[in-house]
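A.B. asks: sharing a sequence plus its predicted fold:
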Amino acid sequence: MKFSVVTPYYKEPNEELSIGHKSVLQQDIKNTHIMVADGHPNPVVSSWDCQHIVLPSAHRDAGNFARGVGALHAFQSGAEYVCFLDADNWLETNHVSSLYEAVSKSGADIGVSRRMLRRLDRSILDPFDWESDGVRFADTGTVMLSRSAIEIAALWATLPGGLSGSGDQIIWSAIKQRGFKVALTELATMNYKTKWAVHYTGRDEEAPEGTVDLSYVRAADEYWRLLPESEKRRLITGRT
């Protein structure tokens, strides 16, 4: 079996990129790390044990195009399963293997883990986030696609830029509406360094400096509201 982990990146610092990359190398199952530069290639990444794809310009879409391109490259290159990791997050060592176990045992098209919320200083905010449960919603970094779900990779690469703030929600709605079988690990194997103030205040903590409100998400929601119904249907169901 061939596994790949795709990381889109933009201008994240070397240390942050390195933490995520090392967590991919330390997986307990062999995989290929595909790092996709969204218009701003970091020369340090070229020296790492990864496949480095460089896009000619930034797409300003929270990495959606880069993510989709990386996944399509992985599948075209022979990967049977593709996972995703944002540039500021990192994985537990059994992330890929536990997702594969869940998918292979159930015959599912897609595997989903849980996520651990981390503060900006990488300390634990919530060891088992309730929000990303693989039923109502699944964070991008918790998802494993099998080849039978390759159309979801194509959807990531073609999402309108105006939907960047709600990309995860659109993708998850598409997965549910298109009838893919989903297997859940119920293991928090993805570490999510959250910048969202609501994650702190919702857990009775003051949001630290550097966090943001939901304006970006609300802008995407408004963009969605104004889309023609035929376009909404195409994105979610894959049919016109």
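C.D. replies: Thanks, I have the structure now. Numbering: from 1, shown residues only.

A.B. asks: and residue 225, what is it in contact with?
C.D. replies: Not one residue lies near residue 225 by Cβ atoms under 8 Å, 6 or more residues apart in numbering. From N, CA and C alone the C-beta is placed, and that goes for glycine too.

A.B. asks: please give the element, helix or strand, for it.
C.D. replies: Element membership for residue 225, per DSSP states H and E: helix 215-226.

A.B. asks: quick check: buried residues in that helix?
C.D. replies: Neighbour-count burial for helix 215-226, counted by 16 or more other Cβ atoms under 10 Å, picks out 217, 220, 223-224.

A.B. asks: turn the residues you listed into CSV, including distance to residue 209 and pLDDT.
C.D. replies: Listed next are these as CSV, based on distance: Cβ to Cβ, whole Å; pLDDT from 0 to 100:
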residue, distance to residue 209, pLDDT
217, 20, 93
220, 24, 95
223, 29, 96
224, 30, 95
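
A.B. asks: and the longest strand seen in the chain, average pLDDT?
C.D. replies: Using DSSP state E to define each element, the chain has its longest strand at strand 182-193. For strand 182-193, mean pLDDT rounds to 98.

A.B. asks: look at residue 1 and report its pLDDT.
C.D. replies: Residue 1 is given a pLDDT of 86.

A.B. asks: ranges for the strands of this protein?
C.D. replies: Using DSSP E, strands in the chain cover 3-9, 32-38, 51-55, 81-84, 90-91, 110-118, 124-126, 143-146, 182-193.

A.B. asks: got JSON lines for the ones you listed, with mean neighbour count and distance to residue 155 too?
C.D. replies: Formatted as JSON lines, the strands of the chain follow (neighbours: other Cβ atoms under 10 Å; distance: least, Cβ to Cβ, whole Å):
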{"stretch": "strand 3-9", "mean neighbour count": "27", "distance to residue 155": "14"}
{"stretch": "strand 32-38", "mean neighbour count": "24", "distance to residue 155": "16"}
{"stretch": "strand 51-55", "mean neighbour count": "16", "distance to residue 155": "18"}
{"stretch": "strand 81-84", "mean neighbour count": "28", "distance to residue 155": "13"}
{"stretch": "strand 90-91", "mean neighbour count": "23", "distance to residue 155": "23"}
{"stretch": "strand 110-118", "mean neighbour count": "24", "distance to residue 155": "13"}
{"stretch": "strand 124-126", "mean neighbour count": "16", "distance to residue 155": "29"}
{"stretch": "strand 143-146", "mean neighbour count": "26", "distance to residue 155": "11"}
{"stretch": "strand 182-193", "mean neighbour count": "21", "distance to residue 155": "16"}
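
A.B. asks: lovely, talk soon.
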